[in-house]
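1. I'd like to go over a predicted model; first the sequence, then the structure.
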Amino acid sequence: MLESVGALAGGPWVYAVVAVSVLLDVFVPVLPSGVLVITAATAAAAGTGAAAGAVPHDVPDTVVLIICAAVASVVGDLVAYRLAWRGGARLDRAIARSRRLTSAQERLGEALARGGGALVVLARFAPAGRSVVSFCAGAAHRRARDFLPWSALAGLSWAAYSVALGYYGARWLGATWLATGVSVAALCAAGSGAAYLMRRRPTEG
């Protein structure tokens with residue numbers, strides 16, 4: 001099983017696959033970018049000898065993997081932000097027709113105005129939250145200097161958490177599909193928690 005995980009996620013091409021998936025999932029949130037990051041991190045744990053059994057030599061580096069995923073996340077956010085900025089009246093009307101998007105835009109604006117971009121970080125973990133926040137920030141013409149630093153923190157936090165799940169899951173459970181499944185479940189749990197916290201924010205303060 002170790003060899004199959006390593007063969008799937010090993011090789012330098014995995015960085016490009018992870019980067020493209022992370023960048024595009026702001027537009028197509030169903031892309032399994034988190035699963036790819038975790039699988040690559042599982043293979044990285046195998047390559048360090050943390051897991052028992054034969055160790056593949058051609059495996060991802062965890063630091064490079066975190067940087068790759070984080071940078072791709074920020075670039076994807078920036079592209080979505082700029083597209084929404086230029087979206088014009090049509091995008092404004094689309095947001096106005098959706099109570100969820102309108103509420104998200106208002107809450108995001110308030111959070112950024114206060115200098116508290118924790119909402120941006122939470123949204124990175126919540127299902128489709130990254131997409132909503134990036135497009136709403138652009139559509140509302142929020143300043144890039146208010147949005148992008150939080151986007152960078154969100155991308156780095158998400159990437160580090162995902163890599164840590166895959167890496168330490170492999171150390172504790174072995175570089176198997178069971179470890180990958182448990183790590184993915186933990187990532188989904190974090191997403192559910194983030195979505196819950198985002199829903200609670202309007203009732204606070």
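-> Yep, it's here. Numbering: from 1, shown residues only.

2. Skipping adjacent residues, who's closest to residue 130 in space?
-> residue 124 (5.1 Å; C-beta to C-beta, 6 or more residues apart in numbering). Where you see a C-beta, it was placed from the backbone N, CA and C, and this is true even at glycine.

3. list the helices and strands the helix or strand harbouring the one you found packs on?
-> For residue 124, the element it lies in under DSSP states H and E is helix 118-125. In terms of contacts (3 or more C-beta pairs under 8 Å, 6 or more residues apart in numbering; DSSP states H and E), helix 118-125 is packed against helix 99-113, helix 129-139, helix 144-173, helix 177-200.

4. show me where pLDDT drops low in the protein?
-> 1-11, 47-59, 88-98, 100-116, 199-205 (pLDDT under 70).

5. count of residues packed around the closest residue to residue 155 other than its chain neighbours?
-> Closest residue to residue 155 apart from its sequence neighbours, by C-beta to C-beta, 6+ apart: residue 73 at 3.2 Å. Applying other C-beta atoms under 10 Å, we find 26 residues neighbouring residue 73.

6. Do I have it right that residue 73 meets residue 160?
-> No: judged on C-beta atoms under 8 Å, residue 73 makes no contact with residue 160 at a distance of 11.2 Å.

7. What are the buried residues along stretch 128-137?
-> By neighbour count on 16 or more other C-beta atoms under 10 Å, the buried set for stretch 128-137 is 129-137.

8. Just the angle for the helix holding residue 124 relative to helix 177-200, thanks.
-> 150 degrees (axes from the mean of the first three to the mean of the last three C-alpha atoms, to 10 degrees).

9. how about helix 118-125: buried residues?
-> 119-125.

10. Run the chain-centre distance for it.
-> How far helix 118-125 lies from its chain's middle: 10 Å, per C-alpha atoms, centre = their mean, to the nearest Å.

11. That one versus helix 129-139: what angle between them?
-> 130 degrees.

12. between helix 118-125 and helix 144-173, how big is the angle?
-> Going by the same axes, to 10 degrees, helix 118-125 makes 40 degrees with helix 144-173.

13. what's the burial count for the nearest residue to residue 37 once chain neighbours are set aside?
-> Spatial nearest neighbour of residue 37, chain neighbours left out: residue 162 (4.3 Å); criterion: C-beta to C-beta, 6+ apart. Neighbour count for residue 162, taken as other C-beta under 10 Å: 29.

14. What of residue 99?
-> When neighbours are counted by other C-beta under 10 Å, residue 99 comes out with 8.
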